[in-house]
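Participant: Model the structure of this input:
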Amino acid sequence: MPAQLRIYDIKPGRMAGFLEFFDTEVAPTRMAYGFDVIGPWIDDDTNQFVWIASYDGAAPWDEAEQRYRESPERNNLSRDPMDFIDSVDARMLGKK
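Facilitator: Numbering: from 1, shown residues only. Next up is the predicted model:
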């Protein structure tokens, strides 16, 4: 099952708002498109939000990701996630 580690540097003072946004909008939308949300974890020292998205559908990861990103639900989120995020580090994870 493909998975992606996602590390977000959250803008100063925006973590609480981002957590609510993630829980109520981002995660449910991801899950509606076949992704599982593992985590999240918060590193208070670095103001980072870390989570793993996994996908076990028939389509390849890139196709599933594109379908999610182009979806009406994703495009109609109440905010742009980048309103909260300074930078994103997304890494595909492989099995050992």
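
Participant: which residues touch the nearest residue to Ala3 once chain neighbours are set aside?
Facilitator: Ranked by Cβ to Cβ, 6 or more residues apart in numbering and with sequence neighbours excluded, the top spatial neighbour of Ala3 is Ser54, at 4.1 Å. Every C-beta, even on glycine, is put in place using the N, C-alpha and C of the backbone. The contact partners of Ser54, taken as Cβ atoms under 8 Å, 6 or more residues apart in numbering, are Met1, Pro2, Ala3, Gln4, Phe35, Asp36, Ile38.

Participant: The first one contacts Asp56, doesn't it?
Facilitator: Yes: if you go by Cβ atoms under 8 Å, Met1 and Asp56 touch, sitting 4.5 Å apart.

Participant: where along the protein do the helices fall?
Facilitator: 15-21, 27-32, 61-69, 72-75 (DSSP state H).

Participant: Redo those helices as a markdown table? Include mean pLDDT.
Facilitator: Output for those, formatted as a markdown table (pLDDT from 0 to 100):
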| stretch | mean pLDDT |
| --- | --- |
| helix 15-21 | 98 |
| helix 27-32 | 97 |
| helix 61-69 | 96 |
| helix 72-75 | 96 |
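
Participant: These: which one's closest to Arg91?
Facilitator: For these, the distance to Arg91 is smallest for helix 61-69, at 12.5 Å, taking Cβ to Cβ.

Participant: List the buried residues of that closest one.
Facilitator: Trp61, Ala64, Glu65, Tyr68 (16 or more other Cβ atoms under 10 Å).
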